[in-house]
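Visitor: Prediction below, plus the sequence it came from.
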There are 2 protein chains.
Amino acid sequence: MTLPQLGATTLADLQAPVLARLEDVTAEMRRMIEEDLPLISEANEHLLQMRGKMFRPTLVLLADQATGGPRQNAATLAAVIEVIHLATLVHDDAVDHSTLRRGMPTINALFSHQVSVIMGDFLYSRAVVELVRLGNLDALRILSRVTTAMTVGEMRQLLAHDPLAFTEEQYDLLISAKTASLMSGACEVGALHAELPYRSALASFGEKLGMAFQITDDLLDYTADEAMTGKPSGLDLREHKVTLPLIHALPKLTPGERRALEALMRDPEPGEQAIASVIEAVRTHGGLDYAMGRAQQLIGEAEEELSVLPDSPARETLRASLGYILDRRR
Amino acid sequence: MTLPQLGATTLADLQAPVLARLEDVTAEMRRMIEEDLPLISEANEHLLQMRGKMFRPTLVLLADQATGGPRQNAATLAAVIEVIHLATLVHDDAVDHSTLRRGMPTINALFSHQVSVIMGDFLYSRAVVELVRLGNLDALRILSRVTTAMTVGEMRQLLAHDPLAFTEEQYDLLISAKTASLMSGACEVGALHAELPYRSALASFGEKLGMAFQITDDLLDYTADEAMTGKPSGLDLREHKVTLPLIHALPKLTPGERRALEALMRDPEPGEQAIASVIEAVRTHGGLDYAMGRAQQLIGEAEEELSVLPDSPARETLRASLGYILDRRR
């Protein structure tokens, strides 16, 4: 395996080759979730505003272009993927009672918990209606498995009653289900009409990219500050969520560090100081380096999957997306 | 239109012709929702125990037999319908914070609100996975429209901020979405491989039967006592839910009765006496008779739909199911 030599890449770089088509995706999303009912149309407007970076639709369109596209229905499939993503965000926020996402109020905060449960169901039902309209059983097969995996992953997370007993294997299962499965689905759906080896390679590429994406996202919690990410550093620890850096550092903690960590986990609202010292201990014992190493390994494996595809500008942009994911740590 | 002459019918009468196949349905449900994860398997066991009367699967199997069945995949389709029904019950209970259903604790009461949101998503995803496995785009089309209609109906219910401004037209839209759509889907899915006129007739039959079902269900709240239905009389009023009997009686109330009703609607926990006197006013002004009249009319229209079908024991059992629905008032 060769480690990738990837330069700094911005999201704008990745989206440049598909920029016009991303506008079609937004139009398709709007068409798909339109409903002449006050509560739903207000929630829709809000969701379209907070829809964020459109990273998953970008993957669909790039996978399409890297395997003989642009094909006509790729923008619609990309919109379906993003609507499913929104449905899961809305239900995640409902389950977690989150009040903010990407600096904007969540549906449960803005409307109510009830609205967010129903709204998630509505979005998911509409996504299925759309896939049926396309008559695309393959996409339905892939995406219904993805959503099943995501719900099982959510349940797994609830079952982790003792966060300090969470193993790296369980962490891998969790991030595969909650993040990698949909990114894998996005890449595979973009290559649905391509030859099977291309389709399989892109599915694996998306799985590995998704795992690396979640690991670097979890790392940001240990490294980035609020002004840069819109997310306060240490938020996961504050919510007693255990991610890869801590899992790796855990057996290496000194008895004093371990006691401090256990106190933090018992404290419903741990203070800044307690969080900062656990972050420092995790850094000292190599937790951040280990997690970055695993992300880099996954990125390398993802890059190898791309070698099956014919050379094309879209393939090179997919390769560059791996650099984008690693860059997010800064 | 001839009003039906229907004798007393029990659920056991309706299920006699499909009894063996209903056991297949339960086995299929079990297979479909199986998952080797503690929380999910416990929730599954609980749901299978409280699955209730299996009225919707019975409709699927009877529609199948009335149109040339038994066909091989009808039991699987019936199981999918019941799994979708369970998914909607689980989310309804989560949205309403209900603690009891059919005398058993709800998923949100037994586990948590979080588990019930995820569990509903899991059940619905599995239902879609199963329809994809059958390769049945027609069933997917029908049922994804049904679930969309159900979520829009739920949202409509949330929007009804002023219960006393609720019109009969809005009530019709609501019960069509929340109850009739899935019963119509059940009947249509059972006739999926039959000639189009049979399929359309059964879809309309199910829609009308479903409307009558919900109207008689809402009537029971005004007429039946706790011992008979497991549901305390007047529960809807206690929760400030306005149904057909009250909608009809509303413009006829005396000023004193109107004031008493408004007081009840403002009272977060109205007393037995306040509820009993509103029920009495609704009865006096013909609200119960009107609702029963509408149910009978719908039952008559549903019966007419059946006349398109060839004569068969299953068709006669479908006819008898209309009598069962009216009988539920006693």
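Guide: Sure thing, it's come through. Numbers count the residues shown, from 1 in each chain, chains lettered A, B, ... in the order given.

Visitor: Let me know the pLDDT of A:Pro232.
Guide: For A:Pro232, the pLDDT comes out at 50.

Visitor: got the residues of chain A near chain B?
Guide: Counting by C-beta under 8 Å from any C-beta of the partner chain, the positions of chain A adjacent to chain B are A:35, A:37-40, A:91, A:94-95, A:112-115, A:117-122, A:124-126, A:128-129, A:132, A:135, A:137, A:140-141, A:144-145, A:147-148, A:150-152, A:154-156, A:158-159. Where you see a C-beta, it was placed from the backbone N, CA and C, and this is true even at glycine.

Visitor: same thing but at 7 Å, please
Guide: Within chain A, the positions lying close to chain B (C-beta under 7 Å from any C-beta of the partner chain) are A:35, A:37-40, A:91, A:94-95, A:114-115, A:117-118, A:121-122, A:125-126, A:128-129, A:132, A:135, A:137, A:140-141, A:144-145, A:147-148, A:151-152, A:154-156, A:158-159.

Visitor: how many other residues sit next to A:Arg328?
Guide: A:Arg328: 17 surrounding residues under other C-beta atoms under 10 Å in any protein chain shown.

Visitor: who are the neighbours in contact with A:Asp13?
Guide: Under the criterion of C-beta atoms under 7 Å, 6 or more residues apart in numbering or on different chains, the neighbours of A:Asp13 are A:Ala320.

Visitor: same deal with A:Ser144?
Guide: By C-beta under 7 Å, 6+ apart, A:Ser144 lies in contact with B:125, B:128-129, B:132.

Visitor: Also A:Ala87?
Guide: Neighbouring residues of A:Ala87 by C-beta under 7 Å, 6+ apart: A:120, A:123-124, A:127.

Visitor: Residue of the stretch 151-300 of chain A closest to chain B, please.
Guide: Per C-beta to the nearest C-beta, A:Thr151 is where the stretch 151-300 of chain A lies closest to chain B, at 4.0 Å.

Visitor: Is that residue in a helix, a strand, or coil?
Guide: Under DSSP: H, G, I helix; E, B strand; the rest coil, the three-state class of A:Thr151 is helix.

Visitor: what about it, how many residues close to it?
Guide: 26.

Visitor: got it, and A:Leu14?
Guide: Neighbour count for A:Leu14, taken as other C-beta under 10 Å: 20.

Visitor: What backbone torsions are found at the residue lying closest to it once chain neighbours are set aside?
Guide: Leaving aside its chain neighbours, A:Leu14 sits nearest to A:Ser321 (5.2 Å; criterion: C-beta to C-beta, 6 or more residues apart in numbering or on different chains). Main-chain dihedrals, A:Ser321, degrees, to the nearest 10: phi -60, psi -30.

Visitor: count of neighbours near A:Ser321?
Guide: By other C-beta under 10 Å, 24 other residues sit near A:Ser321.

Visitor: ok, it to A:Ala291 distance?
Guide: Distance of A:Ser321 to A:Ala291, given as C-beta to C-beta, to the nearest Å: 20 Å.

Visitor: Check A:Leu250 too.
Guide: Distance, A:Leu250 to A:Ala291, by C-beta to C-beta: 13 Å.

Visitor: The two: which is more packed in?
Guide: Taking other C-beta under 10 Å, A:Leu250 and A:Ala291 do not tie; A:Ala291 has more neighbours (26 against 21).

Visitor: Least confident secondary structure element in chain A?
Guide: Sorted by mean pLDDT, DSSP states H and E, the helices and strands of chain A end with helix A:226-229, the least confident at a mean of 56.

Visitor: and stretch A:197-213, how far out from the chain's middle?
Guide: Put simply, stretch A:197-213 sits 13 Å off its chain's centre (C-alpha atoms, centre = their mean, to the nearest Å).

Visitor: typed the wrong thing, it's stretch A:116-123
Guide: With C-alpha atoms, centre = their mean, you get 19 Å for stretch A:116-123.

Visitor: Run through chain A and note the low-pLDDT ranges.
Guide: For chain A, applying pLDDT under 70 flags the ranges A:1-8, A:51, A:225-232, A:329-330.

Visitor: Can you tell me which helices and strands the helix ranked longest in chain A packs against?
Guide: Secondary structure of chain A per DSSP state H: the longest helix is helix A:196-223. Identification of packing neighbours for helix A:196-223 by 3 or more C-beta pairs under 7 Å, 6 or more residues apart in numbering or on different chains; DSSP states H and E yields helix A:168-175, helix A:181-190, helix A:235-238, helix A:244-249, helix A:287-306, helix A:313-327.

Visitor: which other helices and strands contact the second one?
Guide: With contacts defined as 3+ C-beta pairs under 7 Å, 6+ apart, the packing partners of helix A:181-190 are helix A:55-66, helix A:74-96, helix A:137-159, helix A:196-223.

Visitor: Please identify the most buried of these.
Guide: Each of those was scored by mean neighbour count; the highest is helix A:55-66, a mean of 28, by mean count of other C-beta atoms under 10 Å in any protein chain shown.

Visitor: Name the residues that touch that one?
Guide: A:14-15, A:17-18, A:21-22, A:25, A:70-71, A:74, A:77-79, A:81-82, A:85, A:182-183, A:186-187, A:189-191, A:202, A:206, A:309, A:312, A:314-315, A:317-318.

Visitor: Stretch A:173-191 too?
Guide: A:56, A:59-64, A:67, A:74, A:77, A:81, A:84-85, A:139, A:142-143, A:146, A:149-150, A:152-154, A:156-157, A:198-199, A:202-203, A:205-207, A:209-211, A:213-215.

Visitor: for the residue of the stretch 151-300 of chain A closest to chain B, what are its contacts?
Guide: Going by C-beta under 7 Å, 6+ apart, A:Thr151 touches B:118, B:121-122, B:125.

Visitor: Let's see which of those residues end up in helices.
Guide: B:118, B:121-122, B:125.

Visitor: who wins for most neighbours among the residues you listed?
Guide: Most neighbours among those, by other C-beta under 10 Å: B:Ile118, with 30 neighbours.

Visitor: from what I can see that one touches A:Gly153, true?
Guide: No. Using C-beta atoms under 7 Å, B:Ile118 is not in contact with A:Gly153, being 9.4 Å away.

Visitor: before we move on, the earlier item: just the buried residues of the contacts of A:Ala87.
Guide: Buried subset of the contacts of A:Ala87 (neighbour count, 16 or more other C-beta atoms under 10 Å in any protein chain shown): A:120, A:123-124, A:127.

Visitor: Could you export stretch A:321-330 as PDB, keeping only the C-alpha atoms?
Guide: Provided in PDB are the C-alpha atoms of stretch A:321-330 (Å, rounded to 0.1, in the frame of the first residue of the first chain):
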ATOM      1  CA  SER A 321     -11.600  14.400  -2.000                       C
ATOM      2  CA  LEU A 322      -9.400  12.100   0.200                       C
ATOM      3  CA  GLY A 323      -7.000  15.000   0.700                       C
ATOM      4  CA  TYR A 324      -9.900  17.200   1.600                       C
ATOM      5  CA  ILE A 325     -10.900  14.800   4.400                       C
ATOM      6  CA  LEU A 326      -7.400  14.800   5.900                       C
ATOM      7  CA  ASP A 327      -7.100  18.600   5.600                       C
ATOM      8  CA  ARG A 328     -10.200  19.000   7.700                       C
ATOM      9  CA  ARG A 329      -8.100  18.300  10.800                       C
ATOM     10  CA  ARG A 330      -6.500  21.700  10.600                       C
END
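
Visitor: contacting residues around that stretch?
Guide: Contacts for stretch A:321-330 (C-beta under 7 Å, 6+ apart): A:4, A:6-11, A:14, A:209, A:212-213, A:216, A:219-220, A:223, A:292, A:295-296, A:299, A:302-303.

Visitor: hmm, try it at 8 Å
Guide: Stretch A:321-330 is contacted from outside by A:4, A:6-11, A:13-14, A:58-59, A:62, A:209, A:212-213, A:216-217, A:219-220, A:223-224, A:292, A:295-296, A:299, A:302-303, using C-beta atoms under 8 Å, 6 or more residues apart in numbering or on different chains.

Visitor: And for stretch A:299-314?
Guide: By C-beta under 8 Å, 6+ apart, the residues outside stretch A:299-314 that reach it are A:1-4, A:6, A:17, A:62-67, A:69, A:197-198, A:201-202, A:204-205, A:208-209, A:212, A:315, A:318-319, A:322, A:325-326.
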